[in-house]
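A.B. asks: pasting the structure only:
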């Protein structure tokens, strides 16, 4: 999965072919989304944030500490900065990514974030 923070998009590639291209929202001012490359560390289907008032983070794929790719119900904010640093997708897109990551194995799921 390649997340481009400038275009607010996430491309999911398998065997060199882009299978999915989704709009995302990421960190707002003061809450930046980290850039770099990580393998997925762990997954949580119905996660809730301990740090941010039990906020829902469904279909979460964690890649660095508390940072994850997960669903948001605030879909009108996709394409704009909106999070505390996580990468947010629509619920359907997040569910698809969650299923793909678990099917192919979290260690085989690479998340690359660029500006």
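C.D. replies: On my side now, so go ahead. In this text the structure is predicted, and so the values were computed from the model without any measurement.

A.B. asks: now the spatially most central residue of the chain, which residues is it bridged with?
C.D. replies: The centre of the chain sits closest to residue 69, judged by CA atoms, centre = their mean, with a distance of 1.9 Å. Beta-bridge partners for residue 69, by DSSP bridges, are residue 61, residue 87.

A.B. asks: mind listing what it touches?
C.D. replies: Shown in contact with residue 69 (CB atoms under 8 Å, 6 or more residues apart in numbering): 1, 3, 10, 60-61, 63, 86-89, 94, 97, 111. All C-beta atoms are positioned from the backbone trio N, CA, C, and that covers glycine.

A.B. asks: Dump these to JSON lines, plus distance to residue 53, pLDDT and neighbour count.
C.D. replies: Converted to JSON lines, those look like this (distance: CB to CB, whole Å; pLDDT from 0 to 100; neighbours: other CB atoms under 10 Å):
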{"residue": "1", "distance to residue 53": "27", "pLDDT": "98", "neighbour count": "22"}
{"residue": "3", "distance to residue 53": "25", "pLDDT": "98", "neighbour count": "22"}
{"residue": "10", "distance to residue 53": "26", "pLDDT": "98", "neighbour count": "24"}
{"residue": "60", "distance to residue 53": "16", "pLDDT": "98", "neighbour count": "24"}
{"residue": "61", "distance to residue 53": "21", "pLDDT": "98", "neighbour count": "25"}
{"residue": "63", "distance to residue 53": "22", "pLDDT": "98", "neighbour count": "26"}
{"residue": "86", "distance to residue 53": "14", "pLDDT": "98", "neighbour count": "26"}
{"residue": "87", "distance to residue 53": "20", "pLDDT": "98", "neighbour count": "27"}
{"residue": "88", "distance to residue 53": "16", "pLDDT": "98", "neighbour count": "26"}
{"residue": "89", "distance to residue 53": "21", "pLDDT": "98", "neighbour count": "28"}
{"residue": "94", "distance to residue 53": "20", "pLDDT": "98", "neighbour count": "24"}
{"residue": "97", "distance to residue 53": "25", "pLDDT": "98", "neighbour count": "25"}
{"residue": "111", "distance to residue 53": "25", "pLDDT": "98", "neighbour count": "24"}
